[in-house]
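Asker: Here you go, sequence then predicted model.
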Amino acid sequence: MSPLLTSLSGDPEIEALLSDEAMIAHMVQFERALAMAEGELGMIPEDHARRIHQELKDFAPDMARLAAGMERDGVVVPELVRQMRAVLGEAGGSLHRGTTSQDVIDSAMAMQVGAILPVFSARIDGLLNGFDALAARHEGQNLLAHTRMQRALPIPVAAKVKTWRAPLRRAGAMLSEAGRELTMVQLGGPVGDGGSFKGNDRLLAEQLGPRLGLGVAPPWHSERDRVAGFAAELAKVSGVLGKFGTDVSLMAQGEHGQVRVEEAGASSAIADKANPVAAEVLVALARYNAGSLGTLHQALVHENESSGAALTLEWLVLPQMIQTTGASLRLAQRLLDRISF
């Protein structure tokens, strides 16, 4: 996304949590934690485990070489492992033992989602409280309802606000639940059955998950329903905020004048025109995520034990859907702070 467009519809806080640097840091964290767990279980020498954990604490990879490796290998992990082994000496042979690129990538993605969920939860709580405050400020005041875009009957402001607040509360709860389902350690090895860990796969996952702040589940290499479910809830959150944006856009029309938007956008041609920019962008973001969800769900068609095509599709779509949802929450709060009836 261009810097100009980011200023309109982006989210710098969420973008930072999804950055390449954040992803690589989580991948290195996975390898350090895996080595310590394998050392404790006697799967690699304990001195190797300690060296891996210590030497990689401040590891800074060559990002240009990682990009070249990504282009060559289709995933960043092989080049990342090569660079890490180069600084580990003899202990490098114990790095990445039994695991595979998808374990590293999926676990890192789950850690990124785990870092983002509290941000989303706090923003949703802020909006819910803001809707309550808006209804309270206009207690006893009525609005003219519209059904099928036509004038209908008067309704209390609180009734209008409820149509914005209640779906967001439900969508927020479902997003949190889907996020908990997704934030699971991935540890299946090369073909996703855990066989490369010599019978220690479950015990190893039980030790690794808590070290990474993740839950423990059987390997889910080709079972992408958790990813699809989380994406669906992202689209739902941005969708219900799109309803809020649509209503404000319509109510702010001059011929209706049912809502005032402070600091509205200016026109280059009409001096006294006030465009409800944040409301309009909420609508656009809702539609963007709705369309992206259909694309992301294509990744459920996952060939055999691991699909490079399906995984690449996830990497293209899911981060943008997360960022779009973050932007929707950010802009909804901005809009809510600036409206009055």
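Answerer: Everything's here; your move.
Asker: wait, doesn't residue 203 sit right on residue 41?
Answerer: Yes. The pair residue 203 / residue 41 is scored as a contact, 6.6 Å apart, by CB atoms under 8 Å. The way it works is simple: take the backbone N, C-alpha and C, and place the C-beta from them, glycine included.
Asker: what about the strands in the stretch 1-150 of the chain?
Answerer: Applying DSSP state E, counting those that start in this stretch to the stretch 1-150 of the chain gives strands spanning 142-147, 150-156.
Asker: Select, out of these, the one closest to residue 247.
Answerer: strand 142-147 (9.3 Å; CB to CB).
Asker: Pull the closest one out as CSV, backbone CA atoms only.
Answerer: Taking Å, rounded to 0.1, in the frame of the first residue of the first chain, the C-alpha atoms of strand 142-147 are listed here in CSV:
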residue,chain,number,x,y,z
ASN,A,142,-35.5,10.6,18.5
LEU,A,143,-34.4,10.1,14.9
LEU,A,144,-36.5,9.5,11.8
ALA,A,145,-36.0,5.9,10.7
HIS,A,146,-35.7,4.9,7.1
THR,A,147,-36.8,1.5,5.7
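Asker: ok, that strand: who's next to it in the sheet?
Answerer: Note on strand 142-147: by DSSP bridges, its sheet partners are strand 150-156 (antiparallel).
Asker: before we move on, the earlier item: export the strands of the stretch 1-150 of the chain to TSV and tack on mean neighbour count, distance to residue 260 and mean pLDDT?
Answerer: Below are these laid out as TSV (neighbours: other CB atoms under 10 Å; distance: least, CB to CB, whole Å; pLDDT from 0 to 100):
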stretch	mean neighbour count	distance to residue 260	mean pLDDT
strand 142-147	14	13	91
strand 150-156	11	18	91
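Asker: okay if I get those strands as JSON lines plus distance to residue 52?
Answerer: Converted to JSON lines, those look like this (distance: least, CB to CB, whole Å):
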{"stretch": "strand 142-147", "distance to residue 52": "63"}
{"stretch": "strand 150-156", "distance to residue 52": "63"}
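Asker: right, so of the ones you listed, which gets closest to residue 225?
Answerer: strand 142-147 (37.7 Å).
Asker: gap between that closest one and the chain center?
Answerer: Counting by CA atoms, centre = their mean, to the nearest Å, strand 142-147 is centred 36 Å from the centre of its parent chain.
Asker: Stretch 305-321 too?
Answerer: 13 Å.
Asker: Now do the buried residues in that stretch.
Answerer: 306-307, 310-311, 313-314, 317-319, 321 (16 or more other CB atoms under 10 Å).
Asker: ditto for stretch 176-194
Answerer: Quick answer for stretch 176-194 (16+ other CB under 10 Å): 176, 178-179, 181-190, 192, 194.
Asker: can you tell me the average pLDDT over the strand or helix carrying residue 278?
Answerer: Per DSSP states H and E, residue 278 falls inside helix 277-297. Averaged over helix 277-297, pLDDT sits at 95.
Asker: residues of it that come out buried?
Answerer: Taking 16+ other CB under 10 Å as the criterion, helix 277-297 shows 277-286, 288-289, 292-293, 296-297 as buried.
Asker: That'll do, ta.
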